[in-house]
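Asks: here is a sequence with its predicted model. Questions after.
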Amino acid sequence: MKRKIPITISILAILVLSACGGGDATPEISAEDIAATAVAQAWLVMTQTAAAAPTATPLPPTATPLPLNTLPPTLALLPTLPAATIAVVGSPTPDCVLIPEPEPKGAQVNVEFYNESGDSLNLSFGMNSPNDKNECYAYSFTLGSGDVFATRVLAGCYYGWAWIGGSDGSIAKTGDKLLCVTDANVVYKVAITSERVDFK
């Protein structure tokens, strides 16, 4: 009986020690993975917000009868006003954040994007206003450091935002300047540096 107790205690000690064994530690998530996840979540939120936006539905006119014994209103002639000027802005209208259709109806142009930022980046290249087919899209591209990416986009004027990776990260943008790409016979070259998105 006395020999069974030390053997039982020894077996229990071995089982306890093996259960607490030094397994491999879980790997850590890099800053680039966190940044890429944050950008993907931001695009998802923008897409879902645009899809959930209510459409403007005009209310039907209501007929309001005029009181009896009232003269109808007279129309006064108004002076002709000059045409209003439209300020150029570097941000899209609310309808211009949609994901591009696989086969757009409007004219397309060739664009080459050059990543000169020194790091990988996520680029948003969005139309500032709809084209003649009422299409208005925001394109999204991911480029590695030094990459050149050729693609076709709808003809129009665009703004650009680039989220550049790395430990400190930065944002490059067109600012208040629009990049107009309208000629189908030209290959437009757009460079993304650590601060700007502009023609090359």
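Replies: Great, that's in hand. Only a predicted model underlies this, so the values are computations on that prediction, with no experimental measurement involved.

Asks: which residues does the nearest residue to Val148 once chain neighbours are set aside contact?
Replies: Using Cβ to Cβ, 6 or more residues apart in numbering and skipping residues adjacent in sequence, the residue nearest Val148 is Tyr114, 5.4 Å away. Glycine gets a C-beta too; all of them are placed from N, C-alpha and C. By Cβ atoms under 8 Å, 6 or more residues apart in numbering, Tyr114 lies in contact with 148, 189-192, 200.

Asks: cool, and Thr174?
Replies: Applying Cβ under 8 Å, 6+ apart, we find Thr174 in contact with 90, 158-161, 196-198.

Asks: next: Ala162.
Replies: Going by Cβ under 8 Å, 6+ apart, Ala162 touches 117, 121-124, 171-173, 192, 197.

Asks: out of those, list just those in strands.
Replies: Cross-referencing the contacts of Ala162 against strands under DSSP state E gives 121-124, 171-173, 192, 197.

Asks: which of the residues you listed are buried?
Replies: Buried subset of those (neighbour count, 16 or more other Cβ atoms under 10 Å): 121-124, 172-173, 192, 197.

Asks: pick out the lowest-pLDDT one from the contacts of Tyr114.
Replies: Minimum pLDDT for the contacts of Tyr114 is recorded at Lys200 (89).
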